[in-house]
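Colleague: predicted model follows, preceded by the sequence.
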Amino acid sequence: MRKFLKGFLIDLQFFTAIPVRFELPIDKPHLKSAVQAFPLLGLLQGGIYASLYFLLLEYTPFSNLAIAFLLWLMTILLTGGIHLDGWMDASDAYFSYGDQPKRLEIMKDPRTGAFGVISVIVLLSSRFLFIYEITGNVQIVSYMMIAAIPFLSKSVMGVLLLTVKSAKNEGLGALFQRAATKKVLWIYPIYITIFLALMTLVDHGFFLVFALTVIACASLLLCRRKAVSWFGGITGDVLGAAVEGTELFLWMTMWLLHYFAMA
């Protein structure tokens, strides 16, 4: 249990802006536990987003626009932009239309190109639109769906990490990949089953969160295919781009569900 807790703290240290003041062991057993804790890290993030959203809506006089902006801002600040960096680097590499070695070389370049800037503007503006329009029709289940978004995206990240070959032998992705095998993923279906079971306690919760889960699975299949064909496998940047892309699909799905299934 202590090893698992330390693995979770490693995730906080690597993938969020939450300060972790402990010196944590970065060895294979603890990194393996960190991979197993990816979905729980996402659930913590989602819980923070949902709690902030609830407090803003229920206890402040702020407009829907202001509330949407503050939630949108939190989705950036809490992660420290680490996945956005991967999204920009992967976008620059993809839109270079070079071969796989050229794309990998571009992703290592610390400079951000025009395509990276354009792609992150589109990503963030789309997310803001979805959050703002959802704010006009918030239900109890809406908070559960918000919590599910990073929970599912981090699950996608873990599965990609351990089921797709690495495109290079260095970097954050390779570090985690060397520490664990596919066998550690047995716990992911348990997390999702428990989460879906809890959603049966909320009106329409199971159906709506199950719909998000289906979209997350579709995003996983798409990311697996494109990671190999575009980049020759996964890297830390590719994983970050997959997290951001999956979350964009999930926010969009939630937005559509609010129009057509929750009106």
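Modeller: Great, that's in hand.

Colleague: and stretch 156-175, end to end?
Modeller: Using CA to CA, to the nearest Å, the end-to-end distance of stretch 156-175 comes to 18 Å.

Colleague: residue 22 against residue 12, yeah?
Modeller: No. Counting by CB atoms under 8 Å, residue 22 does not reach residue 12; the two are 9.9 Å apart. Yep, even glycine has a C-beta here, placed from its N, CA and C like the rest.

Colleague: OK, contacts around residue 49?
Modeller: The contact partners of residue 49, by CB atoms under 8 Å, 6 or more residues apart in numbering, come to 71, 74, 75, 78, 146, 147, 149, 150.

Colleague: quick check: closest non-adjacent residue to residue 119.
Modeller: Using CB to CB, 6 or more residues apart in numbering and skipping the chain neighbours, the partner closest in space to residue 119 is residue 91 (3.7 Å).

Colleague: still on that earlier bit, more neighbours: residue 22 and residue 12, which one.
Modeller: It is residue 12, of residue 22 and residue 12, that has more neighbours when counted by other CB atoms under 10 Å, with 19 against 10.

Colleague: so what pLDDT did that one get?
Modeller: Note for residue 12: predicted pLDDT of 94.

Colleague: give the contact list for it.
Modeller: Residue 12 touches 18, 20, 41, counting by CB under 8 Å, 6+ apart.

Colleague: how far off centre is the one helix or strand residue 118 maps to?
Modeller: When elements are assigned from DSSP states H and E, residue 118 belongs to helix 114-135. Chain-centre distance of helix 114-135: 15 Å, with CA atoms, centre = their mean, to the nearest Å.

Colleague: for it, name the packing helices and strands.
Modeller: Applying 3 or more CB pairs under 8 Å, 6 or more residues apart in numbering; DSSP states H and E, one finds that helix 114-135 makes contact with helix 64-77, helix 82-94, helix 236-260.

Colleague: next, format the contacts of residue 49 as JSON lines and append neighbour count.
Modeller: What follows is the contacts of residue 49, written out as JSON lines (neighbours: other CB atoms under 10 Å):
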{"residue": "71", "neighbour count": "22"}
{"residue": "74", "neighbour count": "16"}
{"residue": "75", "neighbour count": "23"}
{"residue": "78", "neighbour count": "18"}
{"residue": "146", "neighbour count": "28"}
{"residue": "147", "neighbour count": "23"}
{"residue": "149", "neighbour count": "25"}
{"residue": "150", "neighbour count": "28"}
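
Colleague: before we move on, the earlier item: of the helices and strands packed on helix 114-135, give the one that comes closest to residue 218.
Modeller: Ranking the helices and strands packed on helix 114-135 by their distance to residue 218 (criterion: CB to CB) puts helix 236-260 first, at 7.7 Å.

Colleague: now do the one helix or strand in the chain whose mean pLDDT sits lowest against helix 82-94, angle only.
Modeller: Lowest mean confidence among the helices and strands of the chain (mean pLDDT, DSSP states H and E): helix 172-179, at a mean of 80. In terms of direction (axes from the mean of the first three to the mean of the last three CA atoms, to 10 degrees), helix 172-179 departs from helix 82-94 by 110 degrees.
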